[in-house]
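[1] Could you work out the structure for the sequence below:
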Amino acid sequence: MNPKKLALAGGLALCAAMAPLATFVQDQADLIKPIDHKLTFVFIPKVIHPWYDVVAEGGKYAVQELAKEGIDVDVIWDQPPQADVADQNQRIEANIGRKPDGLAVACLDQATNTQLLKEAVEAGVHTYTFNSFCDAQFPFVGQRDSYGDGYDLGKYLAEHLGGKGKVGILAGSLTATDHVERIKGFKDALKDYPDMEIVFEQPDNDVLEDAVTLTENAIQAHPDIAGFFGSNASNPIGAARAVANAGMSGKIAIVGMDDLPEAVDFVCKGTITALKAQRQWDIGYWTVRYLVAMNQNHTYPMDHNTGSRFITKDDCTS
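    Got it, this is the predicted structure:
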């Protein structure tokens, strides 16, 4: 047979052999599920706190965008009044039973939260974690490197103080992974400065008034204390109030987390030396978007690191 005819015959035979496979090819668009009902998402943070108000604003913006796309979403915030593990777990468990279209949890206690989130997934509830990392088996939106934030602030404080001095730590919640990791990073940074000494470390449990009282007590017990580190969004403000009330603004350095308006105001006044701020608006926005994606059977990221940034007096406008 002519070589060209032989090649043609072979090609036709191959096509004939492959023809049945074509019936199994699926249009990938068919994998996406249309949303034909109102979606209900429940957010369970660690505590009622102004920091989460900004998360909620980002979520509201996503809801408004989705409405323009024809997708109706209702976001419910079920917030513990205090950072109480048992209270938060009861809320998680109750909402699993309600079977919302999405459940978003900021982990307060890694061990017990993880178990309940497993139960949520097993019950068929679309589940995301945000703000405070829980476990790699659950998708997460937030600042992933809390250790790095603590380390950066520890190094900043040590260099600001010339590598020597007594400092205190306002520890936030002892079970929240982000608070724990920040403190670990802060302490590791100070290992490079042998003349730095940690003389005070107490949890304020995300209660602003407690942070004020603890700072006042630390100043009284250690009149020569040179600085404070706040591991959450409340305690830098609490420390700043106490330092300002003692007439020590600019004499006792304060570093800590996030950009609540009062904290930024204290930076601009010179009472707080430096902050590292997360992007909580982005956290709320993307968590809502990703829960919708889950309901549509789209792909979604397991780890969306929203990062953080430094804020110092140089960032203040006159």
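[2] Which residue lies nearest the spatial centre of the protein?
    In the chain, the residue lying closest to the centroid (CA atoms, centre = their mean) is Asn131, at 1.7 Å.
[3] Now do the contacts for the nearest residue to it once chain neighbours are set aside.
    What sits nearest to Asn131 in space, not counting adjacent residues and going by CB to CB, 6 or more residues apart in numbering, is Ala106, at 4.0 Å. Every residue, glycine included, has its C-beta placed from N, CA and C. Contacts for Ala106 (CB atoms under 8 Å, 6 or more residues apart in numbering) come out as Ile44, Pro45, Lys46, Tyr52, Thr129, Phe130, Asn131, Ser132.
[4] now the residue nearest to Gly230 when sequence neighbours are not counted, what's its secondary structure?
    Of all residues not flanking Gly230 in the chain, Gly256 sits nearest, at 2.9 Å (CB to CB, 6+ apart). Under the three-state scheme (DSSP: H, G, I helix; E, B strand; the rest coil), Gly256 adopts strand.
[5] surely Gly256 meets Ser234?
    No: in this structure Gly256 lies outside contact range of Ser234 using CB atoms under 8 Å: 9.1 Å.
[6] okay, those two: which has more neighbours?
    Gly256 (33 against 30; other CB atoms under 10 Å).
[7] and the gap between the more buried one and Val243?
    Applying CB to CB, to the nearest Å, the value for Gly256 to Val243 is 12 Å.
[8] which residues are in contact with both of these two?
    Counting by CB under 8 Å, 6+ apart, the common neighbours of Gly256 and Val243 are Phe228.
[9] Any chance of the backbone angles for Lys184?
    Note on Lys184: its backbone torsions stand at phi -60, psi -50 [degrees, to the nearest 10].
[10] Name the nearest residue to it, ignoring sequence neighbours.
    Excluding its sequence neighbours, the residue lying closest to Lys184 (CB to CB, 6+ apart) is Tyr147, at 5.9 Å.
[11] Spit out the contact partners of the one you found.
    Contacts of Tyr147 were listed using CB under 8 Å, 6+ apart, and they are Glu181, Arg182, Lys184, Gly185, Asp188.
[12] Of the residues you listed, which belong to helices?
    Under the assignment DSSP state H, these contribute Glu181, Arg182, Lys184, Gly185, Asp188 to helices.
[13] Thr129 in helix, strand or coil?
    Under three-state DSSP, the three-state class of Thr129 is strand.
[14] distance of it from Tyr290?
    According to CB to CB, Thr129 stands 11 Å off from Tyr290.
[15] shared neighbours, the two?
    Shared contacts of Thr129 and Tyr290, defined by CB under 8 Å, 6+ apart, are found at Pro139, Val141.
[16] Run a quick neighbour tally on the nearest residue to Asn305 once chain neighbours are set aside.
    What sits nearest to Asn305 in space, not counting adjacent residues and going by CB to CB, 6+ apart, is Arg144, at 4.2 Å. Other residues near Arg144 come to 17 when the count uses other CB under 10 Å.
[17] Wait, Arg144 touches Asp303, no?
    Yes: with contact defined as CB under 8 Å, Arg144 reaches Asp303; the gap is 6.2 Å.
[18] still on that earlier bit, next, give phi and psi for the residue nearest to Asn131.
    In terms of degrees, to the nearest 10, the main-chain angles of Ala106 are phi -100, psi 110.
[19] Tell me the pLDDT of it.
    Per-residue confidence (pLDDT) for Ala106: 98.
[20] Asp27 now?
    At Asp27, pLDDT is 88.
[21] tally of neighbours for it?
    Other residues near Asp27 come to 6 when the count uses other CB under 10 Å.
[22] Over to Gln82?
    The local packing of Gln82 (other CB under 10 Å) involves 13 other residues.
[23] contacting residues around it?
    Contacts for Gln82 (CB under 8 Å, 6+ apart) come out as Val47, Ile48, Asn205, Asp206, Val207.
[24] Pull up the gap between the closest residue to the second one other than its chain neighbours and Leu157, please.
    Closest residue to Ile48 apart from its sequence neighbours, by CB to CB, 6+ apart: Gln79 at 4.5 Å. Computed as CB to CB, the Gln79 to Leu157 distance reads 32 Å.
[25] Of these two, give the one with the bigger neighbour count.
    Comparing Gln79 with Leu157 by other CB under 10 Å, the one with more neighbours is Leu157, at 26 against 17.
[26] After the helix or strand that one falls within, which helix or strand is next? Please name it.
    Using DSSP states H and E, Leu157 maps to helix 146-160. Per DSSP H and E, the first helix or strand lying C-terminal to helix 146-160 is strand 164-170.
[27] That next one packs against which elements?
    Counting contacts by 3 or more CB pairs under 8 Å, 6 or more residues apart in numbering; DSSP states H and E, strand 164-170 packs against helix 177-190, strand 195-202, helix 208-221, strand 225-230, helix 235-245.
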